[in-house]
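# sharing a sequence plus its predicted fold:
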Amino acid sequence: FVIKPKVELLILLFLFLWWAVGLGLETKWDGIAGDGKNQYNVYFSVWLCFIISAWTLERWMVSCDYLSIAKSLATWPFRAPGWIAIFFFSFLSLLSVLDLFWG
């Protein structure tokens with residue numbers, strides 16, 4: 001029983017998106033593991049599943065010689081990793097403010 005690489009990629013992308021959406025829904029202000037709910041197992045479990053799915057997707061991309069995040073940052077000469085980090089954390093801050101505003 002051999003799984004084709006495209007099927008593996010689809011499964012890994014599905015799991016990554018599944019846990020990304022789950023992370024957003026479960027850890028938002030009024031979510032299952034939101035503020036004041038004392039659901040620490042759910043909170044840390046969903047973060048762990050998201051990180052593991054991202055790590056597994058990255059390892060698969062490296063093993064199949066696709067562009068990985070580390071290779072992308074190292075090979076793109078005009079990228080500034082600091083600006084990418086600023087964008088990422090600013091986007092997370094925006095999402096948390098929107099969650100507070102709408103929650």
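Looks like it came in fine.

# now do the residue lying closest to Leu9 once chain neighbours are set aside against Leu15, distance only.
Using CB to CB, 6 or more residues apart in numbering and skipping the chain neighbours, the partner closest in space to Leu9 is Trp60 (7.0 Å). All C-beta atoms are positioned from the backbone trio N, CA, C, and that covers glycine. Going from Trp60 to Leu15 by CB to CB, to the nearest Å gives 11 Å.

# OK, contacts around the residue nearest to Leu9?
8-9, 12 (CB atoms under 8 Å, 6 or more residues apart in numbering).

# next secondary structure after the stretch of helix or strand Ser53 belongs to?
Per DSSP states H and E: Ser53 is located in helix 40-63. With elements assigned by DSSP H and E, the helix or strand that comes after helix 40-63 is helix 69-75.

# which strands and helices lie in contact with that following helix?
helix 40-63 (3 or more CB pairs under 8 Å, 6 or more residues apart in numbering; DSSP states H and E).

# could you give the separation of the helix it packs on from the chain centroid?
Offset of helix 40-63 from its chain centre (CA atoms, centre = their mean, to the nearest Å): 7 Å.

# cool, stretch 61-79 as well?
Counting by CA atoms, centre = their mean, stretch 61-79 comes out at 17 Å from the chain centroid.
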